[in-house]
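Enquirer: Make a model of this:
(one chain, ligands or ions: 1)
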Amino acid sequence: MPILEIDWNDRTSIVGAVLVAYAVYWVFDVVYLLCFHPLAKFPGPRLPVITAWYTFYYDVVRPGRMMWEIEKWHRKYGPIIRINADEIHIKDSHFYETLYAPKGRKADRWARLSTMVGSPESVFAASDSKTHKERRTPLNPFFSRSTVSKLEPVLQEKVSKLATRLKEFPDPKGVVRLDVAFFALTQDVICDYSFAKDWKHLDHTHFNPENKDSQTESLESIGFIRLFPMLPIYLQELPRWAAALVSPAFAMLLDSKLAIRKEIIKIMEGKVEKESKSDRTVFDALINSDLPPEQKSLNRLNADGNVLIIAGTDTTARALSSILFYLLKDKEMYAKLKAALMEVMPDPNNVPPWVELEKIPYLYGCMREGLRLSHGLTSRQPRVSDQPIKYQDWEIPPNTPVSESAYFVLSDPEIFPEPEKFIPERWMGTAAQRSNLERYMVSWGKGTQQCIGMHLATAEIVLATAVIVRRFEMELYQTTLEDVQVHHDAFVAAVVPWSRGIRAVLTESV
Ligand code: HEM
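Expert: The predicted structure is shown next:
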């Protein structure tokens with residue numbers, strides 16, 4: 001007698017048969033995932049392996065909290081764990097470099113997640129190493145240390161504008177949102193450098209908080225996007241009114257992508273009215289170079305433009321805001337940095353080049369601690385290798401996405417004792433001690449996909465910190481640790497949702 005007899009004329013019978021077939025498939029799938037899958041032997045919780053709903057809960061329902069679940073699992077299961085059906089996560093600071101900057105094997109981005117940034121033709125979205133190299137090589141010269149030094153006049157002009165604007169800040173109580181002010185600075189800098197265009201966020205009455213908040217808000221959906229990585233690509237095709245229905249922040253982000261496209265078209269058509277002190281911008285040099293035409297298509301350049309503007313803004317602004325927060329929280333530190341700056345900047349309007357400022361040991365320590373504690377990108381960045389990866393006694397099969405979250409390295413108490421504390425002095429030891437710490441300073445990532453903007457970001461951080469601390473006295477205004485500490489992962493580090501920003505009252509200026 002057949003186990004299941006289907007009456008094809010009876011809808012209930014057909015539905016029943018489909019459900020039974022699905023249940024049988026599910027049971028087989030679970031058995032496969034737990035017992036026969038190439039990752040079956042790896043330790044870790046079993047529920048997230050058999051159902052994506054677990055991840056959905058910690059990525060979407062409790063947005064961005066997955067990183068803390070991963071931390072909890074590591075405490076229970078050890079340094080190497082399977083975090084879902086496909087991915088391995090490692091928590092071992094000494095292995096970070098081997099994973100991300102290996103010798104003799106590939107460490108490609110995982111193609112499934114590379115579309116997450118919504119610009120599939122960008123350098124950030126290039127998964128295989130050949131495509132990545134093709135896209136990255138022409139950009140490299142614009143972000144070297146020496147090129148960033150040539151950009152000094154642009155950086156000095158923007159930082160000086162920030163100081164002037166702070167001095168005349170219109171809020172009657174003198175309360176300024178430093179996070180917004182720094183966001184305006186870093187976005188104006190990268191737009192100038194990219195297109196010789198002044199987007200004038202620094203000229204905005206309150207530094208344009210809507211601009212910052214729209215980017216922050218749109219990144220909050222990243223947990224959902226991690227589960228459906230093609231979504232941003234489809235959503236971008238929506239008309240503006242429909243995008244605004246999805247989310248006003250998302251619509252603003254689309255506006256900014258459109259504005260970037262318009263700038264690139266103007267450069268392509270030779271119709272740029274230069275508003276910059278720099279004589280060479282990223283995009284006019286790329287367009288006028290002898291790159292193959294497919295590298296210079298509007299869509300390709302637009303994709304890199306989007307990534308440069310988004311990647312170059314929030315991370316750097318967050319590092320700056322963190323530095324100011326920790327310095328203002330501890331008045332002695334603020335005074336110590338000011339005293340060091342007085343020596344090299346007796347005239348506050350005569351600002352030395354950033355490479356000179358970076359040599360001030362205490363300022364260097366503040367910059368490193370700000371970068372470390374602001375945590376830049378919190379999203380795990382899986383790498384895929386065509387060969388097995390050896391870790392302790394484990395052999396991870398080829399083509400498995402493996403990640404190590406930079407957050408755990410940057411807060412490893414064995415490397416950075418009392419990791420939650422801002423201690424500039426930890427970067428002021430002997431050359432050997434410093435170089436040991438630098439090895440674990442993974443804020444920029446490691447390997448061929450390491451942050452291209454690290455020298456630019458360093459220059460902005462050093463210059464802006466020096467000018468603000470030298471010229472101003474201020475008090476924190478209703479701002480506490482929860483306004484800076486990482487609360488969840490929104491691709492970039494995100495603070496508590498009820499934060500009202502990093503606010504300060506300006507009390508004195510020179
Ligand atoms: C404090 C500031 C910054 C931090 C912490 C930071 C962090 C990072 C990290 C960790 C990566 C590597 C991601 C991976 O491993 O897959 C990265 C890549 C990247 N960053 Fe940054 N970044 C910062 C500033 C900037 C700036 C100012 C720019 C602007 C030029 C920029 C542009 C990029 C680009 C284009 C990539 C992709 C590089 C590639 O795929 O080859 N970043 N960033």
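
Enquirer: From here on, just use CA atoms for contacts and neighbour counts.
Expert: Will do.

Enquirer: Enumerate the residues of the stretch 101-250 of the chain near the ligand.
Expert: Taking CA under 6 Å from any ligand atom as the contact definition, the stretch 101-250 of the chain meets the ligand at 123-124, 136.

Enquirer: Let's see which of the residues you listed end up in strands.
Expert: Secondary structure of those is defined by DSSP state E; no position falls in strands.

Enquirer: Serialize those residues to CSV and add fields for pLDDT.
Expert: Converted to CSV, these look like this (pLDDT from 0 to 100):
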residue, pLDDT
123, 92
124, 91
136, 92
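
Enquirer: Find the closest residue to the ligand in the stretch 251-400 of the chain.
Expert: Nearest to the ligand, among the residues of the stretch 251-400 of the chain, is residue 312, at 3.3 Å (CA to the nearest ligand atom).

Enquirer: that older thread, just give me the closest of the residues of the stretch 101-250 of the chain next to the ligand to residue 285.
Expert: Distance ranking of these against residue 285, using CA to CA, places residue 136 first at 14.3 Å.

Enquirer: which residues does that closest one contact?
Expert: Contacts for residue 136 (CA atoms under 8 Å, 6 or more residues apart in numbering) come out as residue 123.

Enquirer: please redo it, this time with the cut-off set to 10 Å
Expert: Residue 136 makes contact with 122-124, 126, 130, 304, 448-449, 452, according to CA atoms under 10 Å, 6 or more residues apart in numbering.

Enquirer: Of those, which belong to helices?
Expert: Counting by DSSP state H, the part of those found in helices is 130, 304.

Enquirer: Spell out for me the ChimeraX command that would select the buried members of the contacts of residue 136.
Expert: Selection of the buried residues among the contacts of residue 136 in ChimeraX, burial being defined by 16 or more other CA atoms under 10 Å:
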select :122,123,124,126,304,448,449,452
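
Enquirer: Mind checking what secondary structure residue 271 has?
Expert: Here residue 271 is coil, with the state taken from DSSP: H, G, I helix; E, B strand; the rest coil.

Enquirer: Quick check, it in contact with residue 265.
Expert: Yes: proximity of residue 271 to residue 265 meets the contact threshold set by CA atoms under 10 Å, at 8.5 Å.

Enquirer: the more surrounded of these two?
Expert: It is residue 265, of residue 271 and residue 265, that has more neighbours when counted by other CA atoms under 10 Å, with 16 against 11.

Enquirer: nearest spatial neighbour of that one, skipping sequence neighbours?
Expert: Excluding the flanking residues, the one nearest residue 265 by CA to CA, 6 or more residues apart in numbering is residue 298, at 7.3 Å.

Enquirer: Now for the one you found: which residues touch it?
Expert: When contacts are counted by CA under 10 Å, 6+ apart, residue 298 touches 261, 264-265, 268, 287.

Enquirer: Show the residue spans covered by the helices in the stretch 201-350 of the chain.
Expert: With DSSP state H, counting those that start in this stretch as the definition, the stretch 201-350 of the chain shows helices at residue ranges 209-219, 222-227, 231-235, 240-246, 248-268, 282-287, 298-311, 314-329, 331-344.

Enquirer: Go through those helices and pick out the most buried.
Expert: Comparing the helices of the stretch 201-350 of the chain by mean neighbour count (mean count of other CA atoms under 10 Å), helix 314-329 ranks first with a mean of 24.

Enquirer: now the angle from that helix to helix 331-344?
Expert: Relative orientation of helix 314-329 with respect to helix 331-344: 110 degrees, computed using axes from the mean of the first three to the mean of the last three CA atoms, to 10 degrees.

Enquirer: list the helices and strands helix 314-329 packs on?
Expert: In this structure, helix 314-329 packs against helix 178-195, helix 209-219, helix 331-344, helix 361-374, helix 454-471, strand 472-476, strand 492-494, strand 503-509, with contacts taken as 3 or more CA pairs under 10 Å, 6 or more residues apart in numbering; DSSP states H and E.

Enquirer: Would you single out the least confident of these?
Expert: Across the helices and strands packed on helix 314-329, the stretch with the lowest average pLDDT is helix 209-219; it has a mean of 87.

Enquirer: list the helices and strands that one packs on?
Expert: Using 3+ CA pairs under 10 Å, 6+ apart, the elements in contact with helix 209-219 are helix 178-195, helix 248-268, helix 314-329, strand 488-490, strand 492-494.

Enquirer: Compare the ones you listed and report which one is nearest to residue 507.
Expert: Nearest of those to residue 507, taken as CA to CA: helix 314-329 at 12.2 Å.

Enquirer: Now distance to residue 385 too, for the helices and strands packed on helix 209-219, in CSV please.
Expert: Converted to CSV, the helices and strands packed on helix 209-219 look like this (distance: least, CA to CA, whole Å):
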stretch, distance to residue 385
helix 178-195, 33
helix 248-268, 33
helix 314-329, 28
strand 488-490, 25
strand 492-494, 25
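
Enquirer: Just the CA coordinates for the helix or strand of the chain with the lowest mean pLDDT, please, in PDB.
Expert: Taking all helices and strands of the chain together, the one with the lowest average confidence (mean pLDDT, DSSP states H and E) is helix 231-235, at a mean of 75. Extracted as PDB, the C-alpha positions of helix 231-235 are listed here (Å, rounded to 0.1, in the frame of the first residue of the first chain):
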ATOM      1  CA  LEU A 231      18.700  43.600  -2.400                       C
ATOM      2  CA  PRO A 232      20.600  46.900  -2.600                       C
ATOM      3  CA  ILE A 233      21.100  46.300  -6.400                       C
ATOM      4  CA  TYR A 234      17.400  45.800  -7.000                       C
ATOM      5  CA  LEU A 235      16.400  48.700  -4.700                       C
END
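
Enquirer: tell me how far that helix is from the chain's mean position?
Expert: With CA atoms, centre = their mean, to the nearest Å as the basis, helix 231-235 stands 20 Å off its chain's centre.

Enquirer: That helix packs against which elements?
Expert: Contacts of helix 231-235 with other secondary structure elements, assessed using 3+ CA pairs under 10 Å, 6+ apart, are made with helix 222-227, helix 240-246, helix 248-268.
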